[in-house]
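Student: Structure, please.
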Amino acid sequence: MFCVIYRSTRREQTYLYVEKKDDFSRVPETLMQSFGQPQLTMILPLDGRKKLAGADLDKVKEALSTQGYYLQLPPPPENLLQQHLAGIGKQ
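Tutor: Model (predicted):
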């Protein structure tokens, strides 16, 4: 199984995984509109891989086979105030 990964031009650290190069037929139109013009990032074989850099390999495979795409969103921003307050409470 291969996947093709595209980077969003509108949303930083947002990636779209599809099964075939330039085939967005199974991706909802509203998602494509908010994603912007996809920029090809890489083509990866998923078989034999143990992990992916920013996504769960099993979730990617499952999403590709069931819905035809996987959307990788950026991690949530750090809440530095909450971390600081938690650190103060431990003292």
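
Student: CA atoms for contacts and neighbours, from now on please.
Tutor: Will do.

Student: Who are the contact partners of the residue most central in space within the chain?
Tutor: Central residue of the chain (C-alpha atoms, centre = their mean): Q72, 1.3 Å from the mean position. By C-alpha atoms under 8 Å, 6 or more residues apart in numbering, the contact list for Q72 reads T14, Y15, L16, Y17, G54, A55.

Student: can you tell me which of those are in strands?
Tutor: Residues of those located in strands (DSSP state E): Y15, L16, Y17.

Student: any idea how far the residue nearest to the second one when sequence neighbours are not counted lies from S34?
Tutor: I take that to be L16. What sits nearest to L16 in space, not counting adjacent residues and going by C-alpha to C-alpha, 6 or more residues apart in numbering, is L71, at 4.7 Å. Distance, L71 to S34, by C-alpha to C-alpha, to the nearest Å: 12 Å.

Student: Neighbour count for the two, which is higher?
Tutor: L71 (19 against 12; other C-alpha atoms under 10 Å).

Student: any idea whether the more buried one is helix, strand or coil?
Tutor: Following DSSP: H, G, I helix; E, B strand; the rest coil, L71 is assigned to strand.

Student: Please verify my assumption that it contacts T14.
Tutor: Yes. Counting by C-alpha atoms under 8 Å, L71 touches T14, with 7.4 Å between them.

Student: For Y15, name its beta-bridge partners.
Tutor: R7, Q72 (DSSP bridges).

Student: Go ahead and confirm it touches S8.
Tutor: Yes. Using C-alpha under 8 Å, Y15 is in contact with S8, at 5.9 Å.

Student: out of those two, which sits in the busier spot?
Tutor: Remark: of Y15 and S8, Y15 carries more neighbours, 24 against 20, as counted by other C-alpha under 10 Å.

Student: The residue nearest to L16 and Q13: what is the separation?
Tutor: Per C-alpha to C-alpha, L71 is found 11 Å from Q13.

Student: Report the mean per-residue pLDDT for stretch 80-91.
Tutor: The average pLDDT within stretch 80-91 is 74.
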